[in-house]
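Asks: pasting the sequence and the predicted coordinates here, then a few questions.
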Amino acid sequence: MSAEAFNSLFSLLIGFALAGALASGYQAYAERPPGFELLQEGVTPRRFAAVPFLVFAAPFIIMRNTLRGARIERRRFEFVMLATVIAGFWSMMSGTFVVMTLRAAGVLT
């Protein structure tokens with residue numbers, strides 16, 4: 001495996017792990033699962049605070065909603081595959097940001 005492929009895989013895994021940790025932490029704190037409706041509730045400062053959270057938790061939310069929709073609503077395979085690709089790309093981008101931040105802080109080499 002090349003170094004670039006390993007870097008991309010590492011970023012993908014870090015992105016999904018961070019998304020899952022954030023969503024699980026939110027669910028433990030708020031006693032309800034997170035969703036994109038956080039952008040539509042509360043006063044304006046609360047909505048702005050939800051944006052950074054949703055940027056990093058979105059891959060988990062997308063996959064959770066997609067898998068539930070596939071099971072409950074019998075969504076087509078193509079839709080599930082497209083949502084998986086979108087969540088994976090989003091996860092890789094957020095994971096790349098986290099890895100770059102850790103490297104800048106000197107935690108990773």
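Replies: Happy to help now that I have it. Remember, predicted model here, so these are calculated numbers, not experimental data. Residues are numbered from 1 along each chain as shown.

Asks: what comes up buried for the helix-or-strand element of the chain with minimal mean pLDDT?
Replies: None of the helices or strands of the chain scores lower by mean pLDDT, DSSP states H and E than helix 44-72, at a mean of 90. For helix 44-72, burial by neighbour count (16 or more other Cβ atoms under 10 Å) applies to A50, L54, F56, A57, A58, P59, F60, I61, I62, M63, R64, T66. In this view, the C-beta of every residue, glycine as well, is placed from N, C-alpha and C.

Asks: the helix or strand that that helix is followed by to helix 44-72, inter-axis angle?
Replies: Counting by DSSP states H and E, the element after helix 44-72 in chain order, helix or strand, is helix 77-105. Angle, helix 77-105 to helix 44-72, by axes from the mean of the first three to the mean of the last three Cα atoms, to 10 degrees: 140 degrees.

Asks: rewinding a little: among the buried residues of helix 44-72, which pair sits farthest apart?
Replies: A50 and T66 (20.7 Å; Cβ to Cβ).

Asks: which ones are touching the nearest residue to A58 once chain neighbours are set aside?
Replies: Spatial nearest neighbour of A58, chain neighbours left out: W90 (5.7 Å); criterion: Cβ to Cβ, 6 or more residues apart in numbering. Contacts here follow Cβ atoms under 8 Å, 6 or more residues apart in numbering; on that basis W90 touches G15, A58, P59, I62.

Asks: quick one: which of the residues you listed is nearest G42?
Replies: Closest to G42, out of all of those and judged by Cβ to Cβ, is A58, at 18.7 Å.
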